[in-house]
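> sequence first, then the predicted structure, then my questions.
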Amino acid sequence: MSVVELPGCTPEPLMSYLKALGVFRLIADQADSSARGCWRGGRFVLETTLSRDSLVKFFSEQFHPSPILAPWNGGSGFYGGGSDPLNAIAHSTNSRLTLYRDTIAAVRQIAPAGKPKDEDKASLLVRCRAALSDEVVPWLDTCFVLGEEGPGYFPLLGTGGNDGRLDFTNNFMQRLADVIAFTAGVPAPAASKGWLASALFANDPALTAYEKAAVGQFNPGGIGGANGVQGNFEANSRVNPWDFVLMIEGALLFAGSVARRLGATVGDRAVFPFTVNSVAVGYGSATASEETTDGSRAELWLPLWDEPARFAEIRQLFGEGRAQVNRRQAKNSIEFALAVNLLGVSRGVTEFSRYGFLKRNGLAFLAAPLGRVPVNPRPAARLLEEAPLRDWLDRLRLACREKDKTPARYQTALRDIDRAIFEFATRSELGELADHRGLLDVLRAVGRAEHTLAGGLAFCKDKYLKPLQGLSVQWLEQANDGSPEFALAASVAGISESKGVGPLRVFLEEVEAKGAYFNWSPGSTSSVWSKRSLTDNLAAVFRRRQMEAFRTGQSGLPLKSPRPASLESLFHFLAEHTDDEKLHDLLWGLSAIDWNTVEDFKLPAVPAPDLAIPFEFGVPRLLVSPFATTDGGETTTPDQDVFHALASGRGDAVSQCVDRAAKRLKSSGLLVNGYRNRYRAGASLGVASAIQPARLLAAMLFPLSDRDLMRIANAVLYPPETQE
């Protein structure tokens, strides 16, 4: 077999990709059924019994073009204007055009006398599919799909083989006339072989050597227009005729997938192969307007594979033509990117070349290349397909569908989530650390969105948006980047309900808890989170929860959490070495976990490292909740008044708090360091601290393990005296 590289067939632009498919399809169907092809080094490579010269001879002298016709379009040539190429083929004598001639004759038997109106167009489509030969069906199946609500059109071919006034079929016939003689015994036009060498092997002649003709949406760089060439204000649209012919031939490879979806809903663009709704992320020029039908028709994700495969295998790949995650077909580019990570590897695909049919150049839709997405195995992507997150995100996307009517803050929140998911799914980094970071970014974006929705309950009610909830415990493991911020957020988010005092979430947003389920509760008095700083908000939650615990007769503040914070992470917070914005986002995101399913964290058996525990933190912290300093020994008695000083904002607030806490501990039979001398007991300790009072108060909210509380006690209290 010969290995023939085709440098003229590259993944971008779309015309060149389709051209490669056309070459492969025609060779396999008409010349060498054993041929294999793949993408290598940014070009298409053929393994075939044909030599390079034989390949050129086949296309120049032997290949039979497919009967590309669209009698349902006014510009197809069947109804007057632009009929010259159609009539030329109909009266041709070249045996290579026999099927084309026969198909034209068959169409004329069923086509109406004049251009079909909209209401007649659907019935003509049905008649074409029923009456025309099997060889024509692949073209029909690529153009449209018939559904209960009417025909749907594959965005790759515009609206049924035309784009506005540009009819692809008429142009196809014109380009055929440029490269094939329609009369038997007459050689092909003189320029045909040069154009073919350019199309296959990138032997480019001067631009002016190409035909002046429309290229449509397939090659944005070749449509001409302002500043198209040097020294001229306007450039003409020029196209290599062979490029156009082979491109349309390549589009027929999509037919098998469309044919299998005749019963699908036409309104869902995912009915077409590798085609999904647009989400404007992952490329520099992305704007929200490109997610509307006015700004985008759809996105097309085209597979690249680097191992040689027979055409039958590639036909099957395109015949499947879908990306599926968790038994659901991908509907937009975000879901497709996730499916690529989970299923692409098993199909032998190495990359996807992503195209968006976006409005450019005024009012025209062009196939803009949006980059390539590598296929990497990323099992953690399954977390993003969990039903609670998926359904909530679907509902949010539906709520933001009307761009001109949806407040910008909700659209921004959705775009942040989409961007984070897309970046996670498409990043080239591999490994657990990369996955942790990617999922962490998603969790932060989700947390920001939930916080935004919590400030717009009228919008949520109108759009039937519920609070995000029910995320699996796997998020605690898979999104954990080992940072102090994650540990602190998890500890607070996991604070559970206790004797009438709700779980932590009811203090963040206006919700009520019914078992494991949360629903909006406008006017809830427990919710105290506002636009203040993270420190002030955590302090407010501490004070409010303390108040509700007192009203229900509880001694101290209930802070049970299955993920207590470590002292190391807490001291980062006290020293203001944490990223408070990150901590804020994670707290809101982790609050959506189903904490009823989270088991208590088991502390490692190894001894904890020695830490310098801030005295001004350790002393009052022992009075947040009842705590037994020794087995059967003294138990601390919580006192709300200890923390009033920290909330006052006075300059001596920290000193006042520590002094009051020391006295309360002394009344429980526990002496703090500095109170051993009975003449000093009860006097001010004169504590001077660099920790801000509000931050010290906020730090009291973080749950700690009994082991860490004991470490605090050992650091700030005198050991109990033994009786001689």
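That came through, no problem.
> output the below-cut-off pLDDT ranges for the stretch 1-150 of the chain.
82 (pLDDT under 70).
> quick one: the strands in it?
With DSSP state E, counting those that start in this stretch, the ranges of strands along the stretch 1-150 of the chain come out as 2-6, 36-40, 43-48, 144-147, 150-153.
> between these, which one is nearest to Asp579?
With Cβ to Cβ as the criterion, Asp579 lies closest to strand 36-40 of those, at 42.2 Å. All C-beta spots, glycine's among them, are computed from the backbone N, C-alpha and C.
> in JSON lines: the strands of the stretch 1-150 of the chain, plus mean neighbour count.
Output for the strands of the stretch 1-150 of the chain, formatted as JSON lines (neighbours: other Cβ atoms under 10 Å):
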{"stretch": "strand 2-6", "mean neighbour count": "17"}
{"stretch": "strand 36-40", "mean neighbour count": "20"}
{"stretch": "strand 43-48", "mean neighbour count": "21"}
{"stretch": "strand 144-147", "mean neighbour count": "21"}
{"stretch": "strand 150-153", "mean neighbour count": "18"}
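> toward the C-terminus, what is the element adjacent to the single longest helix found in the chain?
Looking across the chain with DSSP state H, the single longest helix is helix 432-454. Next in sequence after helix 432-454, counting helices and strands by DSSP states H and E, comes helix 457-463.
> so who does the residue nearest the centre of the chain touch?
Nearest residue to the geometric centre of the chain (Cα atoms, centre = their mean): Ile334, 2.8 Å. Counting by Cβ atoms under 8 Å, 6 or more residues apart in numbering, Ile334 makes contact with 279, 281, 418, 421-422, 425.
> tell me the one among those nearest to Gly686.
Minimum distance to Gly686 across the contacts of Ile334 is 53.7 Å, recorded for Ile421 (Cβ to Cβ).
> checking my notes, that closest one in a strand, right?
No. When classified by DSSP: H, G, I helix; E, B strand; the rest coil, Ile421 is found to be helix rather than part of a strand.
> rewinding a little: to Leu302, which of the strands of the stretch 1-150 of the chain lies closest?
Per Cβ to Cβ, nearest to Leu302 of the strands of the stretch 1-150 of the chain: strand 36-40, 10.2 Å.
> which parts of the stretch 151-300 of the chain are strands?
Using DSSP E, counting those that start in this stretch, the strands found in the stretch 151-300 of the chain span residues 162-163, 166-167, 211-212, 225-226, 234-235, 238-239, 275-276, 296-304.
> could I have the CA atoms of stretch 147-163 written out in PDB?
Extracted as PDB, the C-alpha positions of stretch 147-163 are listed here (Å, rounded to 0.1, in the frame of the first residue of the first chain):
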ATOM      1  CA  GLY A 147     -40.200  15.100  12.400                       C
ATOM      2  CA  GLU A 148     -43.700  15.500  13.800                       C
ATOM      3  CA  GLU A 149     -43.400  19.300  13.800                       C
ATOM      4  CA  GLY A 150     -42.000  19.600  10.300                       C
ATOM      5  CA  PRO A 151     -38.600  19.400   8.700                       C
ATOM      6  CA  GLY A 152     -35.400  20.200  10.600                       C
ATOM      7  CA  TYR A 153     -32.200  21.200   8.800                       C
ATOM      8  CA  PHE A 154     -28.600  20.200   9.400                       C
ATOM      9  CA  PRO A 155     -26.700  23.400  10.200                       C
ATOM     10  CA  LEU A 156     -23.800  22.100   8.200                       C
ATOM     11  CA  LEU A 157     -25.900  22.600   5.000                       C
ATOM     12  CA  GLY A 158     -27.700  25.800   6.100                       C
ATOM     13  CA  THR A 159     -31.400  25.400   5.700                       C
ATOM     14  CA  GLY A 160     -31.700  22.400   3.400                       C
ATOM     15  CA  GLY A 161     -28.800  22.900   1.000                       C
ATOM     16  CA  ASN A 162     -28.800  26.600   0.900                       C
ATOM     17  CA  ASP A 163     -27.700  29.600   3.000                       C
END
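> most tightly surrounded among the strands of the stretch 151-300 of the chain?
Of all the strands of the stretch 151-300 of the chain, strand 275-276 carries the top mean neighbour count, a mean of 26, counting by mean count of other Cβ atoms under 10 Å.
> and that one, what's its mean pLDDT?
The average pLDDT within strand 275-276 is 86.
> quickly run through the sheet partners of that strand, with directions.
Strand 275-276 pairs in its sheet with strand 296-304 (antiparallel), by DSSP bridges.
> which strands and helices lie in contact with the next helix or strand after the partner strand?
Proceeding N to C from strand 296-304, the next assigned helix or strand is strand 309-310, under DSSP H and E. If you count contacts as 3 or more Cβ pairs under 8 Å, 6 or more residues apart in numbering; DSSP states H and E, strand 309-310 packs onto strand 36-40.
> in the stretch 151-300 of the chain, where is pLDDT below threshold?
Across the stretch 151-300 of the chain, residues meeting the criterion (pLDDT under 70) sit at 204-216, 221-237, 256-271, 285-286, 288-295.
> mind giving me the domain split of this protein?
Under the assignment automatic domain parsing, the domains of the chain span 2-62, 615-716.
> could I get those as TSV with distance to Leu302?
As requested, these are arranged in TSV below (distance: least, Cβ to Cβ, whole Å):
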stretch	distance to Leu302
domain 2-62	6
domain 615-716	50
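> which of those domains sits closest to Val375?
Using Cβ to Cβ, the domains of the chain put domain 2-62 closest to Val375, at 12.5 Å.
> first-to-last residue distance for the closest one?
This stretch, domain 2-62, spans 20 Å end to end (Cα to Cα, to the nearest Å).
> that's a strand at Arg372, yeah?
Yes. Arg372 sits within a strand when classified using three-state DSSP.
> and the strands of the stretch 1-150 of the chain as TSV, adding distance to Glu313?
Output for these, formatted as TSV (distance: least, Cβ to Cβ, whole Å):
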stretch	distance to Glu313
strand 2-6	18
strand 36-40	9
strand 43-48	13
strand 144-147	24
strand 150-153	28
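> looking at these, which is closest to Ser192?
Of all these, the one in closest proximity to Ser192, counting by Cβ to Cβ, is strand 2-6 (17.6 Å).
> what angle do that closest one and strand 36-40 make?
Put simply, strand 2-6 runs at 50 degrees to strand 36-40, going by axes from the mean of the first three to the mean of the last three Cα atoms, to 10 degrees.
> adjacent strands (with direction) for strand 2-6?
strand 43-48 (antiparallel).
> which phi and psi does Gly553 have?
phi 80, psi 20 (degrees, to the nearest 10).
> how much space separates Glu61 from Ala181?
According to Cβ to Cβ, to the nearest Å, Glu61 stands 10 Å off from Ala181.
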